[in-house]
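Undergrad: Sequence and predicted structure, then a few things I'm wondering about:
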Amino acid sequence: MTIDLSPAIAEPFDGLSPGSLSDIGPLVRGKVRDIFDLGDRLVLVATDRISAFDRVLGTVPYRGQVLNQLAAWWFEQISDIVPSHIESVIDPNVTIGRKCRTIPIEVVVRAHLTGTTSTALWTRYAAGERHIYGLDFPDGMIKNDPLPAPIITPTTKAEQGDHDAPITEAEIVERGLVEASLWHDVRTAALAVFERGREIAARRGLVLVDTKYEFGLDSDAGLTIIDEVHTPDSSRYWRACSAHDLIAAGHEPENLDKEVVRLAYAADGYTGNGAPPSLPPELAVRASGVYTQAFEMLTGTELRPAAYPAGPRVEAAIRDAI
């Protein structure tokens with residue numbers, strides 16, 4: 001697909017107007033998403049803001065539309081494994097979802113020895129660690145090698161005071177963050193969802209390398225998967241046709257995810273310390289193309305970007321939905 005990205009660079013969609021929705025619910029502005037609180041439900045607005053290294057870097061054209069629609073598509077693919085928080089998708093960027101009590105652990109599932117940050121699996125392995133996240137790793141592995149089987153490397157959430165701090169599964173239960181029976185259900189669901197994701201991605205010419213899941217409990221205390229699933233922001237994808245040969249030759253596989261942004265910043269020497277440089281327009285355009293490719297390969301449908309601003313129409317749809 002070829003699309004003209006220049007108008008979106010000039011006028012990215014960046015959420016709804018807080019003032020016009022103030023009578024529906026207060027705005028809680030996140031890093032890359034705007035959330036309106038409706039009491040028992042939330043209006044989730046995916047924007048074009050992109051973050052890496054825990055900082056907002058700029059905007060990527062159509063990012064919000066890709067993530068919102070792709071997450072909704074994935075939730076349908078895994079609905080027989082675990083329900084999601086989504087009630088309806090009323091616009092390419094806007095979803096209404098049930099409010100859930102968030103489980104305070106980010107469940108990271110990995111199938112390869114990857115990473116560039118200080119806490120990443122490969123970084124720690126390359127530094128000589130062989131017992132990581134409570135798991136033992138053999139000598140002789142190289143960066144991006146496949147693991148014998150997918151593993152869970154959980155981290156804490158910001159609500160616990162240490163954002164993305166590594167934690168073992170045993171510590172999760174010992175510290176009382178998640179009770180043992182619930183954690184068993186979480187890890188079982190996470191591994192099943194990841195396996196479903198790998199199967200679908202493989203059929204579409206992609207490798208699902210690793211991913212992050214968030215879970216919650218709905219009003220009936222039932223386990224629910226929340227946030228987003230298997231998008232280019234929450235997951236790492238490689239193009240399958242070249243991944244094996246590139247890894248064997250010691251090169252980075254071709255990413256179809258946010259890693260293209262992280263790697264570009266890291267190549268210029270920025271790894272998260274201090275204020276980040278602005279996102280170069282050419283990198284924003286490249287990232288938009290990568291997100292679009294991932295969407296179209298996975299869903300088998302062409303991305304048809306919506307024209308914005310569309311505030312009044314979207315706001316009317318929200319009022320109708322609630």
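TA: Perfect, I can see it now.
Undergrad: Quick check on the nearest residue to Gly205 once chain neighbours are set aside: phi, psi?
TA: Among residues not flanking Gly205 along the chain, Ala240 sits closest, at 5.1 Å (CB to CB, 6 or more residues apart in numbering). Where you see a C-beta, it was placed from the backbone N, CA and C, and this is true even at glycine. Recorded main-chain torsions at Ala240 are phi -60, psi -30, according to degrees, to the nearest 10.
Undergrad: Extract the residue ranges of the protein that are flagged as low pLDDT.
TA: Of all residues in the chain, those with pLDDT under 70 make up the ranges 1-23, 158-163, 307-318, 321-322.
Undergrad: Pull stretch 110-119 out as CSV, backbone CA atoms only.
TA: Listed in CSV are the C-alpha atoms of stretch 110-119, where the atom choice follows Å, rounded to 0.1, in the frame of the first residue of the first chain:
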residue,chain,number,x,y,z
ARG,A,110,9.6,-13.9,25.0
ALA,A,111,10.5,-16.5,22.4
HIS,A,112,13.9,-15.0,21.5
LEU,A,113,17.0,-13.7,23.3
THR,A,114,16.5,-10.0,22.5
GLY,A,115,16.7,-6.5,23.8
THR,A,116,18.7,-3.2,23.8
THR,A,117,17.8,-1.6,27.2
SER,A,118,19.7,-2.2,30.5
THR,A,119,17.2,-4.7,31.8
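Undergrad: Pull out the buried residues from that stretch.
TA: 110-117 (16 or more other CB atoms under 10 Å).
Undergrad: How far away from the center of its chain is that stretch?
TA: Its chain's C-alpha centre and that of stretch 110-119 lie 15 Å apart, by CA atoms, centre = their mean, to the nearest Å.
Undergrad: coming back round to it: please narrow the buried residues of stretch 110-119 to those residing in strands.
TA: 110-112 (DSSP state E).
Undergrad: what would these look like in TSV with distance to Trp122?
TA: What follows is these, written out as TSV (distance: CB to CB, whole Å):
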residue	distance to Trp122
Arg110	10
Ala111	13
His112	9
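Undergrad: and the two most separated of the buried residues of stretch 110-119?
TA: Using CB to CB, the buried residues of stretch 110-119 reach their maximum pairwise distance at Ala111 and Thr117, which is 18.1 Å.
Undergrad: The stretch 51-200 of the chain: helices as residue ranges?
TA: Under the criterion DSSP state H, counting those that start in this stretch, the stretch 51-200 of the chain contains helices at 63-77, 121-126, 169-174, 180-203.
Undergrad: Reformat those into JSON lines and put distance to Arg319 and mean neighbour count next to each item.
TA: Supplementary listing: the helices of the stretch 51-200 of the chain in JSON lines, determined by distance: least, CB to CB, whole Å; neighbours: other CB atoms under 10 Å:
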{"stretch": "helix 63-77", "distance to Arg319": "19", "mean neighbour count": "23"}
{"stretch": "helix 121-126", "distance to Arg319": "46", "mean neighbour count": "19"}
{"stretch": "helix 169-174", "distance to Arg319": "41", "mean neighbour count": "16"}
{"stretch": "helix 180-203", "distance to Arg319": "33", "mean neighbour count": "17"}
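Undergrad: For Ala264, find the nearest of the ones you listed.
TA: Comparing the helices of the stretch 51-200 of the chain against Ala264 with CB to CB, the closest turns out to be helix 63-77 (15.5 Å).
Undergrad: just the angle between that closest one and helix 180-203, please?
TA: Taking axes from the mean of the first three to the mean of the last three CA atoms, to 10 degrees, helix 63-77 and helix 180-203 form an angle of 110 degrees between their directions.
Undergrad: Quick one: closest of the helices of the stretch 51-200 of the chain to Leu246.
TA: It's helix 121-126; of those, that one is closest to Leu246 (CB to CB) at 15.2 Å.
Undergrad: Check which strands are paired with the strand ranked longest in the chain and give the direction for each one.
TA: Looking across the chain with DSSP E, the single longest strand is strand 206-217. Next to strand 206-217 in the sheet, as set by DSSP bridges, lie strand 101-102 (antiparallel), strand 105-112 (antiparallel), strand 223-226 (antiparallel), strand 235-239 (antiparallel).
Undergrad: Of all those, which one comes closest to Ala165?
TA: Using CB to CB as the criterion, the shortest distance between Ala165 and the strands paired with strand 206-217 is 10.0 Å, found for strand 105-112.
Undergrad: contacting residues around the closest one?
TA: Around strand 105-112, the neighbours that count as contacts under CB atoms under 8 Å, 6 or more residues apart in numbering are 121, 144-147, 149-157, 164, 167, 172, 177-178, 186-187, 190-191, 194, 198, 208-215.
Undergrad: distance of the nearest residue to Val173 once chain neighbours are set aside from Asn68?
TA: Spatial nearest neighbour of Val173, excluding adjacent residues (CB to CB, 6+ apart): Ala180 at 4.9 Å. Per CB to CB, to the nearest Å, Ala180 is found 35 Å from Asn68.
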